[in-house]
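Undergrad: Sequence first, predicted model second:
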Amino acid sequence: MPKYPAEPFRIKAVEPIRLTTAAERRAIMEAGGNNMFNIPAEKVYIDLLTDSGTGAMSDNQWAGLQIGDESYAGCRNWFHFEKTIKDLTGLQCVIPTHQGRVAENLLFGAIARGKLIINNNHFDTTRANILAHGGEPVDMVIDEGRDPETLYPFKGNIDLARLKEALANQRDKIALVMLTLTNNSGGGQPVSMANIRAARQLTAQYGVPLFFDACRFAENAYFIKLREPGYADRPVLEIAHEMFSSVDGCTMSAKKDGLVNIGGFLALNDAALAEKVKTELIRTEGFLTYGGLAGRDLEAVARGLEEVLDDDYLAYRIGQIKYLGDLLTENGVPILQPPGGHAIYLNATLFAAHIPADQFPGQSIAVNLYLQSGIRATEVGSFMFRRVDPQTGAIHSPYMELVRLAVPRRVYTETHLRYVAESVIELYQQRAKLRGLRIVANGESPLRHFIARLEFV
């Protein structure tokens, strides 16, 4: 068998891409205030900004769009969507949303005020939605998950000792516990089945709901198959069923492991909470059987959730990310180890060791990678997460400085990834020339990495 599985699909349609000149990229970056979100997509050669909504749909999904029923209430695609999610998760109340952050907003709007939300690691919009609704996000990833260099198979695991202590001492303040699968802020690292089960035991003991942020549940299930004893011969669908059997609910952006460009949902078993959320859904998003989506989108999500659990697809998907990681590691580029499920994370602390955290080393790497090679990546470090407490003046810094190279699903070939690797290696060899950045506008927003403007120090 080959070291890296080949694509389990053939290409039927192509989209032209063009590499801009260095002069064009300098002008684009200056106009965009050195913020990767301000670059026009057509001016990007290889786009690794995010894996969210950027994948390629299958012929089966495109065929599904043709049978979209755009009735306002009770369209036939809703029933396929609902059944698929119930069959997958076992959760009985399914609430459609146009993307995952809406599911987060609905959930936390109903439960977060004055409460703690515990997670292995909250990602940016999850954290922002909790804060916006008066809650407090608390991260409890294991110590191994805070070390980018250690080789540990399940670095996304939640710290069970800390979780037990919090549940024992602050039970009345905790609204729910959530596990992000895979752990995006921590490098796309998986959570083990044993950790999921143990977290379930603790939360059940104290009467606290356990939820998944299930954006990349299929990739997490495949890591369990690869790395956890007793699962090697189990189909991924069966592993996913076992994972979901431990939770009371989940949020999901289907733009990841739903293999679609738009869509999401909230699923849960608490009927009273579901009724409260449904009222808000109708007020803000749409009726209960479409939730801000067209009927054709509901159909594409249903079909994507079925396709993503194919073992051959997941072997290719995880293998593709490992291929990129291995190319970088073999050439001395420091990355978060081991490679995660949807992205390679450059270790900016080592890559740009001469740039202090308050000058955003990860953002400098991302900006210069675009200037050099037309590749767009995302900083996941001090630019995204470093904050000053307005009451105390204390500085809250992330424990890792990373640059995420998020690979869209079923989009780029091995040659594209080799171009990425060669470009990153070249930049690493010239790393002494990198300079830090400072924020010059929109730096106070909790989601400043989307809108802030920066300049070189």
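TA: Noted; the coordinates are in hand.
Undergrad: Only C-alpha atoms from now on, for both contacts and neighbour counts.
TA: Fine.
Undergrad: any low-confidence regions in the stretch 351-457 of the chain?
TA: The model of the stretch 351-457 of the chain has pLDDT under 70 over residues 387-390, 393, 395.
Undergrad: Run through the strands of it in chain order.
TA: 375-376, 378-380, 387-388, 395-396, 402-406, 437-441, 453-456 (DSSP state E, counting those that start in this stretch).
Undergrad: could you redo those strands as TSV and give each row mean neighbour count and distance to residue 211?
TA: Converted to TSV, the strands of the stretch 351-457 of the chain look like this (neighbours: other C-alpha atoms under 10 Å; distance: least, C-alpha to C-alpha, whole Å):
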stretch	mean neighbour count	distance to residue 211
strand 375-376	25	32
strand 378-380	26	24
strand 387-388	15	27
strand 395-396	12	26
strand 402-406	28	24
strand 437-441	17	36
strand 453-456	18	35
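Undergrad: Chain neighbours aside, what residue packs nearest to residue 71?
TA: Spatial nearest neighbour of residue 71, excluding adjacent residues (C-alpha to C-alpha, 6 or more residues apart in numbering): residue 295 at 7.6 Å.
Undergrad: cool, residue 198 as well?
TA: Residue 198 sits nearest to residue 160 (C-alpha to C-alpha, 6+ apart), 7.5 Å away.
Undergrad: before we move on, back to that, from residue 303, how far out is the residue nearest to residue 71?
TA: Applying C-alpha to C-alpha, to the nearest Å, the value for residue 295 to residue 303 is 13 Å.
Undergrad: Those two: which has the busier surroundings?
TA: Per other C-alpha atoms under 10 Å, whichever of residue 295 and residue 303 has more neighbours is residue 295, with 27 against 23.
Undergrad: thinking that one is in contact with residue 73, fair?
TA: No - in this structure residue 295 lies outside contact range of residue 73 using C-alpha atoms under 8 Å: 10.0 Å.
Undergrad: My guess is residue 47 contacts residue 375. True?
TA: Yes - the pair residue 47 and residue 375 passes the contact test of C-alpha under 8 Å, sitting 5.9 Å apart.
Undergrad: Could you please name the strands whatever helix or strand residue 94 lives in pairs with and the direction of each pair?
TA: Using DSSP states H and E, the element containing residue 94 is strand 93-97. Sheet partners assigned to strand 93-97 using DSSP bridges are listed as strand 264-268 (antiparallel).
Undergrad: Centre of the chain to the partner strand, how far?
TA: Distance of strand 264-268 from the chain centroid (C-alpha atoms, centre = their mean, to the nearest Å) equals 16 Å.
Undergrad: Render the CA-only coordinates of that strand in CSV, please.
TA: Extracted in CSV, the C-alpha atoms of strand 264-268 (Å, rounded to 0.1, in the frame of the first residue of the first chain):
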residue,chain,number,x,y,z
GLY,A,264,-25.2,23.8,10.0
PHE,A,265,-27.4,22.7,12.8
LEU,A,266,-28.0,22.4,16.5
ALA,A,267,-29.2,19.0,17.7
LEU,A,268,-30.1,18.1,21.3
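Undergrad: Show residues contacting it.
TA: Under the contact criterion C-alpha atoms under 8 Å, 6 or more residues apart in numbering, strand 264-268 has outside partners 91-100, 103-104, 107, 248-255, 274.
Undergrad: Tell me which residues touch residue 439, please.
TA: Taking C-alpha under 8 Å, 6+ apart as the contact definition, residue 439 lies against 452, 453, 454, 455.
Undergrad: Export these as JSON lines, with columns for distance to residue 128.
TA: Shown next, in JSON lines, are the contacts of residue 439 (distance: C-alpha to C-alpha, whole Å):
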{"residue": "452", "distance to residue 128": "16"}
{"residue": "453", "distance to residue 128": "20"}
{"residue": "454", "distance to residue 128": "21"}
{"residue": "455", "distance to residue 128": "25"}
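Undergrad: which one among those gets closest to residue 22?
TA: Of all those, residue 455 has the smallest distance to residue 22: 18.3 Å, by C-alpha to C-alpha.
Undergrad: List the neighbouring strands of the longest strand along the chain plus their orientation.
TA: Across the chain, the strand with the greatest residue count (assigned by DSSP state E) is strand 174-180. If you go by DSSP bridges, strand 174-180 pairs up with strand 116-119 (parallel), strand 210-213 (parallel).
Undergrad: Flag every buried residue along stretch 338-357.
TA: 338-349, 351-352, 355, 357 (16 or more other C-alpha atoms under 10 Å).
Undergrad: Now do that stretch: distance from first to last residue.
TA: Span of stretch 338-357 from end to end, C-alpha to C-alpha: 23 Å.
Undergrad: what about that stretch, distance to the chain center?
TA: Offset of stretch 338-357 from its chain centre (C-alpha atoms, centre = their mean): 17 Å.
Undergrad: just stretch 73-80 next, same as before
TA: For stretch 73-80, the distance to the chain centre is 28 Å (C-alpha atoms, centre = their mean).
Undergrad: ok, now stretch 414-431?
TA: Per C-alpha atoms, centre = their mean, the centroid offset for stretch 414-431 relative to its chain is 23 Å.
Undergrad: Walk me through the domains of this protein.
TA: 22-51+310-456, 59-307 (automatic domain parsing).
Undergrad: And the ones you listed, which one averages the lowest pLDDT?
TA: The weakest mean pLDDT among these belongs to domain 22-51+310-456, with a mean of 93.
Undergrad: Now do it: distance from first to last residue.
TA: End residues of domain 22-51+310-456 are separated by 18 Å (C-alpha to C-alpha).
Undergrad: now stretch 248-264
TA: Stretch 248-264: ends 17 Å apart by C-alpha to C-alpha.
Undergrad: Stretch 8-15 now?
TA: 20 Å.
Undergrad: host element of the residue lying closest to residue 65 once chain neighbours are set aside?
TA: Spatial nearest neighbour of residue 65, chain neighbours left out: residue 296 (4.5 Å); criterion: C-alpha to C-alpha, 6+ apart. Assigned by DSSP H and E, residue 296 falls within helix 295-307.
Undergrad: Which SSE is immediately downstream of that helix?
TA: Per DSSP H and E, the first helix or strand lying C-terminal to helix 295-307 is helix 311-330.
Undergrad: Dig out what residue 95 forms beta bridges with.
TA: Residues in beta-bridge contact with residue 95 (DSSP bridges): residue 266.
Undergrad: what's the spacing between it and residue 275?
TA: Distance from residue 95 to residue 275, counting by C-alpha to C-alpha: 10 Å.
Undergrad: Looking at the two now, which is surrounded by more residues?
TA: Legend: neighbour count by other C-alpha under 10 Å for residue 95 and residue 275, higher for residue 95 (24 against 13).
Undergrad: Verify the stated contact: the more buried one with residue 278.
TA: Yes - using C-alpha under 8 Å, residue 95 is in contact with residue 278, at 7.2 Å.
Undergrad: Return the residue of the protein that is most distant from the centre.
TA: residue 23 (32.6 Å; C-alpha atoms, centre = their mean).
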